[in-house]
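Trainee: Build me a model:
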Amino acid sequence: MMKAILLTGKPESRSDITKFLSVSDSVPKPSIKPNEVLVRVKASAMNIEDIMIGVGRMLVSLTATKEAPVVLGQEFSGVVEEVGSNVKELKQGDKVFGHKFGMKIRFGSWAEFVAVNEKVLVKIGDNYSFAEAAALPMSALVAYGA
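Mentor: Have a look, this model is predicted:
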């Protein structure tokens, strides 16, 4: 089991989202597929897209309920805990950051662990903290697209 921030309902507005967020320490720890990496999350960012997904304003948002909560979060950094049998570029103990696409995903990065394809991860350089690295993915994608 792991700790995670759960969204347990559908807020009417962005400002109401905190009414439906709570911390749980009984969320199942994700298992990995052969091409995936399990990352112990050290930092996770929050951006407007996370909130918009939470309030159902994205076309493919999942609806959270108490029976089927959603763990929001897309951007994260942490340490590789486990690698799948087909993972080639990363190993246990590597410091990484990445982006977990939040659409139609029930388990995002506002949790102790996240399972993702190795292709969405980048090793953290020596000059970056976990907090700085977690803030990079969405900002970098926006800058790249500009």
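Trainee: residues in contact with the closest residue to Val79 other than its chain neighbours?
Mentor: Nearest residue to Val79 in three dimensions, chain neighbours excluded: Arg40, at 5.0 Å (CB to CB, 6 or more residues apart in numbering). Placement of C-beta: from N, CA and C, glycine included. Arg40 sits next to Gly78, Val79, Val80, Glu81, Glu112, Phe113 when contact means CB atoms under 8 Å, 6 or more residues apart in numbering.
Trainee: isn't the fifth one right up against Val23?
Mentor: Read it as Glu112. No: counting by CB atoms under 8 Å, Glu112 sits too far from Val23 to count as a contact (10.7 Å).
Trainee: Now list whatever residues contact both of those two.
Mentor: Lys3, Ala4.
Trainee: Show me which of those two is the more surrounded one.
Mentor: Legend: neighbour count by other CB atoms under 10 Å for Glu112 and Val23, higher for Glu112 (19 against 10).
Trainee: What subset of the contacts of Arg40 is buried?
Mentor: Among those, those scoring as buried are Gly78, Val80, Glu81, Glu112, Phe113 (criterion: 16 or more other CB atoms under 10 Å).
Trainee: And the longest helix seen in the chain, what's buried?
Mentor: Ordering each helix of the chain by length in residues (DSSP state H) puts helix 136-145 first. By 16+ other CB under 10 Å, the buried positions in helix 136-145 come out as Leu136, Pro137, Met138.
Trainee: Quick check, Gln92 in contact with Val39.
Mentor: No: between Gln92 and Val39 there is no contact under CB under 8 Å: 10.7 Å.
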